[in-house]
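Visitor: A predicted structure for the sequence below; I have some questions about it.
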Amino acid sequence: MNRLFIELYLDEDVNVLVAHLVRAHGYAAVTTVEAGRRGESNTVQLAYAVSQGRAVLTHNRSDFAALAQEYTATGRMHSGIIIAVRRPPHELTRRLLRIFNAVTADEMQDQVRYI
């Protein structure tokens, strides 16, 4: 694949300001609303993110950790899942930037990161 930069797909429970802050630092991010996918199930959200080559950012640990396990068990791949504790948008962005500066998109493949 040789993808360098992680591109994000923000689950609808993540503050949209995070997408704006991430983009201000030169990284790609799209929200559920921007993608026209509001209200869809987490299974569908993850499948969409996979189809777009984007890592999911979510606060929903239980559902997305289970989905990651399901993907692994069934041999399916995803572009990464970042599970975040609810924090102010600027703090969450700061933590994301640490990942972006240390991990390539290829390295994020099939990974679950907790921030």
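Guide: Yep, it's here. Residues are numbered from 1 along each chain as shown.
Visitor: hey, what's the residue most central in space within the chain bridged with?
Guide: Compute the mean C-alpha point of the chain, and by Cα atoms, centre = their mean the closest residue is Val56, 1.9 Å away. Per DSSP bridges, the residues bridged to Val56 are Tyr9, Ile81.
Visitor: got any ranges where the protein has weak pLDDT?
Guide: Judged by pLDDT under 70, the chain has its weakly predicted residues at 1.
Visitor: ok, Ile99 - contacts?
Guide: Listed by Cβ atoms under 8 Å, 6 or more residues apart in numbering, the contact partners of Ile99 are Ile6, Ile82, Met108, Arg113, Ile115. The way it works is simple: take the backbone N, C-alpha and C, and place the C-beta from them, glycine included.
Visitor: list the contacts for Val112?
Guide: When contacts are counted by Cβ under 8 Å, 6+ apart, Val112 is found next to Phe64, Ala65, Ala68, Gly80, Ile81, Ile82, Ile83.
Visitor: close enough to count as contact, Tyr9 and Ser51?
Guide: No. Tyr9 is beyond contact range of Ser51, at 10.0 Å (criterion: Cβ atoms under 8 Å).
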